[in-house]
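> what shape does this take:
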Amino acid sequence: MNRDLWDVMNRALDDDIEPETWQAALAHLDSAPGDAAMWNRMQDVDRLLRREPMAAPPPQFTARVMTRIYAEAMSAQRTDGFLLAIRLTIVALLGLAITLGVYFVCTRLFGPINLEQIVDQARALLIELGNLANLLVEWAEEYPMLPALGLASMPLAFAALWLAVYYTPRDRLRDLVQRGLSLREPLRG
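Next up, the predicted model:
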């Protein structure tokens, strides 16, 4: 039985068929005993189903289902928003830590910097960061997998940092902390 005949028989059971189409289907059923047997079984099932009373849903069933679907969708949106807020907070804290680290390294290497130089350097740094952001956007548009690779490399970088700290002897870490991460003196040991 082909799909078209199946559709014609279903439409005939629903009394939603043109007479010409049904006459052509009847001619086919006269010449195809397997399809005719299927039509008889379909009619038997239809008669059984029409005899049974239709089940009605309890009052307010649809309203409860729709409310639950809406609540689930809103919960997913809140969770997504919360995770985005956490990610953005982590990025901001990492940026602050990197900025402070660069500042402390620069003051240790080059001595004190006056406020005017800091403002000028910050302005220049922000301009360069804007240029870098534009370049990254262009690269991301040209190579869509670039952001995914960047995100995928972050756990590896954190694991490498953890391993470096974990396997650094404790006395070297203590010396680094006591000297305030000074780069002027060589490490002992």
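> how's this structure carved up into domains?
Split into domains by automatic domain parsing, the chain comes to 3-50, 79-111, 113-142, 145-189.
> need these in CSV with distance to Thr67, can you?
Backbone N, C-alpha and C define where each C-beta goes, glycine included. Shown next, in CSV, are the domains of the chain (distance: least, CB to CB, whole Å):
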stretch, distance to Thr67
domain 3-50, 31
domain 79-111, 19
domain 113-142, 40
domain 145-189, 36
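> and the spatially most central residue of the chain, how far from Leu88?
The residue lying closest to the centre of the chain (CA atoms, centre = their mean) is Asp80, at 8.8 Å. Distance, Asp80 to Leu88, by CB to CB, to the nearest Å: 13 Å.
> and the gap between Ala25 and Gly81?
To Gly81, Ala25 is 55 Å away according to CB to CB.
> okay, the two: which has more neighbours?
Shown here are Ala25 and Gly81; by other CB atoms under 10 Å, Ala25 has more neighbours (20 against 10).
> list the contacts for the more buried one?
The contact partners of Ala25, by CB atoms under 8 Å, 6 or more residues apart in numbering, come to Leu5, Val8, Met9, Ala12.
> show me the helices in this structure, by range?
Secondary structure of the chain (DSSP state H): helices at 3-13, 19-31, 33-51, 61-110, 115-142, 146-166, 170-178.
> thanks a lot, catch you later.
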